[in-house]
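Colleague: Dropping a prediction and its sequence here:
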Amino acid sequence: MTLQDLGWNDFFAAAFAALPENDWVPARLIRESPINYGAFLADGEEIDVVLSGKVWHDAVNDADLPAVGDWVAVKLGGENEEHVIRARLPRQSCFSRKMPGKSTEEQVIGANIDIVAVVTDAGEDFNPRRMERYFTLIQRSGAKAVVLLNKADLYPKAQNQEAAEILQKLCPDAAIHITSALHDTGLKALLKHLKKGTTMCIVGSSGVGKSTLVNQLYGEEWQWTDDVNEVTGKGRHTTTARELVPLPKRGLLIDNPGMREIQMWTDEQTLRESFADVEQLALQCRFQDCKHQNDKGCAIRAAVDDGLLDPSRLDSYLRLDDEIEKLRRRQKKRQINTERRAKRDHRVKARNLNDRIQLEADEIGLLRHGDDGDLD
């Protein structure tokens, strides 16, 4: 295995060459835990590495810290010494979502990813509105979108084809594949995307067959899979941690635990690009500040009434727009609170420093007074 097999290119080489030290070596992170990371070196050797205090303190937020898929500069330790991450190289792409819950933090799903493959099916898991969220986040990341409509053997051919057509309309640039992990159908088309040096991140809901797909791509039981539930027809997802796996004679795969929430971490520009059809209609609204609710002269509502726009797509657009706006407000509030705390801490430190200087001055004065007394 070479650096190029791991995804190394001129972009990372230039960033590494600009680092100050010459005894560091490049490595790619393949897993992370609360205490350390796993990484591949140039010769394919797998090592455990820890994060240096400087990298930790220099990070603006958690998303700025090294994540699976990142390239890092490592200072190799000697015998009985730890290997230490001294720097994280800039990212070419970053697939992320908002941290689940009410947090305003970004959660990195995978760094330096070329392709994001979303696994779903044409049945119970099929949800165009959720797929719109995936497509929006993938577009923001800079990666290519690939969709696997899996478990095709469980649904009629017409149902699978209809689902594929719906998704293709939502994202014309996406590659849509109808697959069956059980029968190995369509995997050849997927493998066309996985060339040497290419990194694919595979995501989706629990129980849609992601682990089975990873097993077939890897050629062995890389991820243990559960039996299918006789009631729901689903298998229990077994991926418990994010991990980058090299595929034999292929690229690299980042498998992820099942995602319950796909909250937005994007901006208005990406939203407009993902909903270009809705945005084009919005330009025809009578008023520029149209809320697309009950406003007079709303071209979008007129399109819905005329059957030219799916009401659920409009609802999804409005929900995502509202979600992004709420996230921006929470981030602004958090920034204000952070700045206030910083100013308060600065004032406290300045006051403590002045008190210490005054105390030292008083002590020096007492000492001088004592010395003068001795002289008398």
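Modeller: Right, received. Where do you want to start? Residues are numbered from 1 along each chain as shown.

Colleague: So Arg140, which state does it fall into?
Modeller: Of the three states, Arg140 takes helix under DSSP: H, G, I helix; E, B strand; the rest coil.

Colleague: Please tell me how far Val214 sits from Ala145.
Modeller: Separation of Val214 from Ala145 (Cβ to Cβ, to the nearest Å): 19 Å. Yep, even glycine has a C-beta here, placed from its N, CA and C like the rest.

Colleague: Let me fix that, I meant to ask about Phe126.
Modeller: Per Cβ to Cβ, Phe126 is found 16 Å from Ala145.

Colleague: Those two - which one has more neighbours?
Modeller: With neighbours defined as other Cβ atoms under 10 Å, Phe126 and Ala145 compare such that Ala145 has more, 22 against 19.

Colleague: The more buried one against Glu132, yeah?
Modeller: No - Ala145 lies out of contact with Glu132 (Cβ atoms under 8 Å); the separation is 11.4 Å.

Colleague: what touches both of those two?
Modeller: Residues touching both Ala145 and Glu132 (Cβ atoms under 8 Å, 6 or more residues apart in numbering): none.

Colleague: what's the average pLDDT for the host helix or strand of Ser211?
Modeller: For Ser211, the host element (DSSP states H and E) is helix 210-218. For helix 210-218, mean pLDDT rounds to 77.

Colleague: Can I get the helix or strand just after that helix in PDB? Just the C-alpha atoms.
Modeller: Following helix 210-218 in sequence order, the next helix or strand is strand 243-246 (DSSP H and E). C-alpha atoms of strand 243-246 as PDB (Å, rounded to 0.1, in the frame of the first residue of the first chain):
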ATOM      1  CA  GLU A 243     -13.900   3.500  10.400                       C
ATOM      2  CA  LEU A 244     -12.000   3.800   7.100                       C
ATOM      3  CA  VAL A 245     -11.400   0.400   5.500                       C
ATOM      4  CA  PRO A 246      -9.100  -0.200   2.500                       C
END
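
Colleague: what packs against strand 243-246?
Modeller: Under the contact criterion of 3 or more Cβ pairs under 8 Å, 6 or more residues apart in numbering; DSSP states H and E, strand 243-246 touches strand 25-32, strand 252-255.

Colleague: thinking Cys298 is in contact with Gln284, fair?
Modeller: No - using Cβ under 8 Å as the test, Cys298 is too far from Gln284 to be in contact (9.1 Å).

Colleague: out of those two, which sits in the more crowded spot?
Modeller: Between Cys298 and Gln284, counted using other Cβ under 10 Å, the more crowded position is Cys298 (21 against 13).

Colleague: what's the helix holding Ser211 packed up against?
Modeller: Here helix 210-218 touches helix 187-191, strand 199-204, strand 252-255, going by 3+ Cβ pairs under 8 Å, 6+ apart.

Colleague: Tell me the buried residues in the first one?
Modeller: Counting neighbours by 16 or more other Cβ atoms under 10 Å, one finds that the buried residues in helix 187-191 are 187, 190.

Colleague: Centre-most residue in this protein?
Modeller: In the chain, the centroid-proximal residue (Cα atoms, centre = their mean) is Ser96; its distance is 2.1 Å.

Colleague: is it true that that one touches Gln107?
Modeller: Yes - counting by Cβ under 8 Å, Gln107 is a contact partner of Ser96 at 6.0 Å.

Colleague: Averaging pLDDT per element, find the lowest-scoring helix or strand in the chain.
Modeller: helix 268-274 (a mean of 58; mean pLDDT, DSSP states H and E).

Colleague: Tell me which residues of the helix or strand following it come out buried.
Modeller: Heading C-terminal from helix 268-274, the first helix or strand you meet, by DSSP H and E, is helix 276-282. The neighbour-count check on helix 276-282 (16+ other Cβ under 10 Å) flags 277-278, 281-282 as buried.

Colleague: ok, residues contacting helix 276-282?
Modeller: Identification of contacts with helix 276-282 by Cβ under 8 Å, 6+ apart yields 272, 290, 292, 299-300, 303, 309, 313-314, 317.

Colleague: 6 Å instead, please
Modeller: 272, 299-300, 303, 317 (Cβ atoms under 6 Å, 6 or more residues apart in numbering).

Colleague: Strand partners (parallel or antiparallel) of the helix or strand containing Gly110?
Modeller: Assessed by DSSP H and E, Gly110 sits inside strand 106-111. If you go by DSSP bridges, strand 106-111 pairs up with strand 94-98 (antiparallel).

Colleague: mean confidence for the strand it pairs with?
Modeller: Computed over strand 94-98, the mean pLDDT rounds to 77.

Colleague: quick one: Gly69 and Ile109 touch, right?
Modeller: No - in this structure, Gly69 is not within contact of Ile109 by Cβ atoms under 6 Å, at 8.9 Å.

Colleague: Can you pull the poorly scored residue ranges out of the stretch 201-350 of the chain?
Modeller: 220-241, 256-274, 320, 323-342, 345 (pLDDT under 70).

Colleague: make that the stretch 1-150 of the chain, sorry
Modeller: Along the stretch 1-150 of the chain, the parts satisfying pLDDT under 70 run over 97-105.

Colleague: Relative to Gln107, how far out is Thr136?
Modeller: Distance of Thr136 to Gln107, given as Cβ to Cβ: 16 Å.

Colleague: Sorry, wrong one. I was asking about Asp184.
Modeller: As for Asp184, its distance to Gln107 is 33 Å (criterion: Cβ to Cβ).

Colleague: about what we covered before: residues contacting the residue nearest to the centre of the chain?
Modeller: Counting by Cβ under 6 Å, 6+ apart, Ser96 makes contact with 106-109, 265.

Colleague: for Pro311, same thing?
Modeller: Listed by Cβ under 6 Å, 6+ apart, the contact partners of Pro311 are Val304.

Colleague: now Tyr155
Modeller: So Tyr155 contacts 122-123 (Cβ under 6 Å, 6+ apart).
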